[in-house]
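**Student:** Give the three-dimensional model of this entry:
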Amino acid sequence: MKALSKEKISMLKRAAYVAFPHSLPILAGYGFLGLAYGICMSVNGLSPWYTFFMCWLVYGGSTQIVGVSLLTAAFDPLNAFIITFVLCARHIFYGISMLEKYKNLGLKKIYMIFGMVDETFAINYSAEPPKDVDRGWFMFFVTIFNQVYWVIGSTLGAVLGTLINFSTEGIEFVMTSMFVVIFMEQWKKDKSHLSAYLGLAISAVCLAVFGADNFIIPSMIGIFLSLTLSKKYLERKVGDENDL
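**Tutor:** Model prediction:
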């Protein structure tokens, strides 16, 4: 295999050095959420090794947290597929947004597509590295740094979970807390709350119609379809409100 030149090594070091500070906020968040996820895996009878490989091979954030109940419930591949697809459907739009940025990046693009979770997308889409930094390698290192944080936090939580002797009942609420925080941050950032109102209304209707045990999948499908069909209208309304 051809050895890397000094210039190539220097370029990689520079890209990693610049990418690292951009990933530090993710380290703080993934440290806590990963810890809670690992403990959830452990107290549900799944080994730290299972957690470790799940984080490397699945790496789905909220999907992995939901996966705890899917792995410990009765075998239902269709339900697992629907939940996973709906939870990750937003990544379709992430991918479309990154088509130009990921163009002509070679084989590393394959891993970057796999590792494009919410937080990594947010950084790679908006960050502007210095002109002397290769943007492709910058995005690559942001992606791998974030996944490493998740792997370390989750595996550590799984190991600690094997040592816990007190009740961990309710720790699954970390997923609910995470989504509440994301919702609040999005609410504070956006001037228009039309999409949020739409999501809340559809969820409330599905809860009333399908009940607490069965409303999640219909709600997510309804939200996805309604936002897709009303995309142009919502964009126009948001533009009008932002001009006020």
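**Student:** going on from the lengthiest helix in the chain, what's the next piece of helix or strand?
**Tutor:** In the chain, assigned by DSSP state H, the helix with the most residues is helix 6-43. The helix or strand immediately downstream of helix 6-43 is helix 48-57, counting by DSSP states H and E.
**Student:** And the contacts of that following helix?
**Tutor:** Residues outside helix 48-57 that contact it (CB atoms under 8 Å, 6 or more residues apart in numbering) are 34, 37-38, 41-42, 64, 67, 147, 150-151, 154-155, 157-159, 161-162. Just so you know, the C-beta spots here come from the backbone N, C-alpha and C atoms, and that holds for glycine as well.
**Student:** Same question for stretch 199-213.
**Tutor:** With CB under 8 Å, 6+ apart, stretch 199-213 has contacts from F215, P218, S219, G222, I223, S226.
**Student:** do that again at 10 Å, thanks
**Tutor:** With contacts defined as CB atoms under 10 Å, 6 or more residues apart in numbering, stretch 199-213 is touched by 183, 193, 214-227.
**Student:** Just the ones of those residues in helices?
**Tutor:** Those of the contacts of stretch 199-213 lying in helices (DSSP H): 183, 216-227.
**Student:** Please indicate which of these are buried?
**Tutor:** Taking 16 or more other CB atoms under 10 Å as the criterion, what is buried in the ones in helices among the contacts of stretch 199-213 is I216, P218, S219, M220, I221, G222, I223, F224, S226, L227.
**Student:** surely the fourth one meets L87?
**Tutor:** Yes - with contacts defined as CB atoms under 10 Å, M220 counts as touching L87 at a distance of 7.2 Å.
**Student:** so what does the longest helix of the chain touch, helix or strand wise?
**Tutor:** helix 48-57, helix 62-72, helix 118-126, helix 135-161, helix 173-189 (3 or more CB pairs under 10 Å, 6 or more residues apart in numbering; DSSP states H and E).
**Student:** Let me know which of the ones you listed is the nearest to V18.
**Tutor:** helix 135-161 (6.0 Å; CB to CB).
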